[in-house]
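**Student:** Below are the sequence and a predicted model; questions follow.
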Number of protein chains: 2
Amino acid sequence: MGEVLSSSSRKEQVIRVAAELFREKGYVASSMRDLAQKLGIEAASLYSHIKSKEEILHILCFDMAADFMASLEEVEKQQDLPASEKLRKGIIGHIQVMAQDLTASAVFMNEHRHLSQPSLRDFLLMRIRYINRFKGMIEEGVATGEFKKSIDKKLAVMTLFSSLNWMPMWYDPKAAIEPVELGFQLADMLINGLKQNK
Amino acid sequence: MGEVLSSSSRKEQVIRVAAELFREKGYVASSMRDLAQKLGIEAASLYSHIKSKEEILHILCFDMAADFMASLEEVEKQQDLPASEKLRKGIIGHIQVMAQDLTASAVFMNEHRHLSQPSLRDFLLMRIRYINRFKGMIEEGVATGEFKKSIDKKLAVMTLFSSLNWMPMWYDPKAAIEPVELGFQLADMLINGLKQNK
DNA sequence: TGCAAAACCTAACGCCCGTTATGCTGGAAG
DNA sequence: CTTCCAGCATAACGGGCGTTAGGTTTTGCA
């Protein structure tokens, strides 16, 4: 009963190599012939494994999105936590998902806009919903007095995601700091700021 | 004495329209025929005004870079300011330069990697130097006790620039908040954090 | 009014793109 | 030993790309 489950090994390998290529040169500047060469095969042979160039991008983007969603749902289960703690866990989760696959994360971040409709619309809707759930944590924190009343919530959440999403661009996995510690420090910096508290 | 000064009006118009196109679709996905159509002329006619597609990108990136540098030098003239205040002014300056031309800023940010050598190398060197001067402000703040000793300086400066550089992606110039106020709040958020100080 | 210069056009170039159609091959499964 | 099929190759398609060559139109100024 050969299951549909087995997308198997070769397709995944194609996608992984494609992710590296897309990160280096960008989606549009990466040709199927480039990708084939990296795999040691001819361009036409790629179509035994994937339906189109865009399918690769689609898989990369939506698989990452699913991981982000799953991570966030884990955090939101813990309803009794203070907002700042929920936010901290959300940030760490987000960082951990990224650290799991920095290459795919970079593609997710920078290349998703080359998805065509209706995938692009779906993707953007998903992202807005994700961001709004973080915005909710910030608003909760303001409501409970944990966070300043004076902050612009849109600015705050955008700053948060800017910081998070750029991590794959500069983070070196071989560096001293580990993902969880990185997430912890990042959360601390955003929540408490750079300044010494008196 | 026909000066070299006069790059005149039409060339600048071409570049401005190209910037909009590059922001929308990305540099590689934008064709010269797209650009020509936006200007109401034929693609070949563009070459009366510019030498190549890449020249446009080069001008956009390096003109922005010059503006950033000029802004930073203004701040660094004020040597007697405390580090946190220098940092604040640096941030506000950076935001103001961006706000002056959000379209070019977005291109500067997202498309510079499509520059070819040796321009790309020059660009990246310039950017590293710029970032390091902000890093210097942070280190100064740590040395004087204004900022926490515990912060990871690389993380701090990267978070700073992530937040700054993504602004063109979400900032709406028609929104209530003005650039200087935005810069002020962003600086406050990064320096003091979200948290209510007791 | 004349004339140079700026602005634009048509036609075409060689090249690379994503993708399809079709067939070969080597090894696992019965 | 045969069958099957995943994995790959060859050849080719229609089309878009950046750019050039060379000629025409428009414009602004002496």
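**Tutor:** Good, I have the coordinates. Residues are numbered from 1 along each chain as shown, chains lettered A, B, ... in the order given.
**Student:** Quickly find the element holding A:Tyr27.
**Tutor:** Using DSSP states H and E, A:Tyr27 maps to neither a helix nor a strand.
**Student:** element containing the spatially most central residue of chain A?
**Tutor:** For chain A, the residue sitting closest to the mean C-alpha position, by CA atoms, centre = their mean, is A:Ser105 at 4.8 Å. With secondary structure defined by DSSP H and E, A:Ser105 is part of helix A:102-111.
**Student:** after that helix comes which helix or strand?
**Tutor:** Going down the chain from helix A:102-111, the next helix or strand is helix A:119-143, by DSSP H and E.
**Student:** Give the buried residues for that following helix.
**Tutor:** A:119, A:123, A:126-127, A:130-131, A:133-142 (16 or more other CB atoms under 10 Å in any protein chain shown). The C-beta positions use only the backbone N, C-alpha and C, and glycine is treated the same way.
**Student:** re earlier: mind giving me the packing neighbours of the helix holding A:Ser105?
**Tutor:** On a contact count with 3 or more CB pairs under 8 Å, 6 or more residues apart in numbering or on different chains; DSSP states H and E, helix A:102-111 meets helix A:8-25, helix A:53-77, helix A:167-170.
**Student:** Run the angle between that helix and helix A:8-25 for me.
**Tutor:** 60 degrees (axes from the mean of the first three to the mean of the last three CA atoms, to 10 degrees).
**Student:** close to DNA strand C, is helix A:102-111?
**Tutor:** No: counting by CB under 7 Å from any atom of the strand, no contacts exist between helix A:102-111 and DNA strand C, the nearest distance being 12.6 Å.
**Student:** show me where pLDDT drops low in chain A?
**Tutor:** Along chain A, the model assigns pLDDT under 70 to residues A:1-8, A:193-198.
**Student:** make it 80
**Tutor:** For chain A, applying pLDDT under 80 flags the ranges A:1-8, A:176, A:193-198.
**Student:** what does it put close to DNA strand D?
**Tutor:** A:8-11, A:36, A:40-45, A:48-49.
**Student:** again, 10 Å this time
**Tutor:** Within chain A, the residues that sit near DNA strand D (CB under 10 Å from any atom of the strand) are A:2, A:6-11, A:13-14, A:28, A:32-33, A:36-37, A:39-49.
**Student:** what residues go with each domain of chain A?
**Tutor:** Domain assignment of chain A by automatic domain parsing yields the ranges A:1-51, A:54-194.
**Student:** Out of the ones you listed, flag the one nearest B:Lys53.
**Tutor:** Evaluated over the domains of chain A, closeness to B:Lys53 peaks at domain A:1-51, with 12.9 Å, by CB to CB.
**Student:** Wondering if the closest one reaches DNA strand C at all.
**Tutor:** Yes: under the criterion of CB under 10 Å from any atom of the strand, domain A:1-51 makes contact with DNA strand C via A:2, A:25, A:27-37, A:42-48, A:50-51.
**Student:** Could you identify the buried members of the residues you listed?
**Tutor:** For the residues of domain A:1-51 next to DNA strand C, buried by 16+ other CB under 10 Å: A:27-30, A:32, A:34-36, A:46, A:50.
**Student:** possible to save the residues you listed as a markdown table with distance to A:Val75 and secondary structure?
**Tutor:** What follows is those, written out as a markdown table (distance: CB to CB, whole Å; DSSP: H, G, I helix; E, B strand; the rest coil):
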| residue | distance to A:Val75 | secondary structure |
| --- | --- | --- |
| A:Tyr27 | 31 | coil |
| A:Val28 | 35 | coil |
| A:Ala29 | 37 | coil |
| A:Ser30 | 34 | coil |
| A:Met32 | 39 | helix |
| A:Asp34 | 39 | helix |
| A:Leu35 | 36 | helix |
| A:Ala36 | 41 | helix |
| A:Leu46 | 38 | helix |
| A:Ile50 | 34 | coil |
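**Student:** And those, which two are furthest apart?
**Tutor:** It's A:Ala29 and A:Ile50 that sit farthest apart of these, by CB to CB, at 18.6 Å.
**Student:** contacting residues around A:Gln100?
**Tutor:** A:Asp67 (CB atoms under 8 Å, 6 or more residues apart in numbering or on different chains).
**Student:** can you check A:Glu139 too?
**Tutor:** A:Lys153.
**Student:** how close does it sit to A:Leu81?
**Tutor:** Distance from A:Glu139 to A:Leu81, counting by CB to CB, to the nearest Å: 15 Å.
**Student:** Equivalent analysis for A:Arg127, please.
**Tutor:** The separation that A:Arg127 has from A:Leu81, given CB to CB, amounts to 24 Å.
**Student:** do the same with A:Ala43
**Tutor:** A:Ala43 is 51 Å from A:Leu81, by CB to CB.
**Student:** Kindly report the same for A:Gly90.
**Tutor:** 10 Å.
**Student:** on that earlier part again, may I ask which two of the buried residues of helix A:119-143 are separated the most?
**Tutor:** Pairwise over these, using CB to CB, the maximum falls at A:Ser119 and A:Val142, 34.8 Å.
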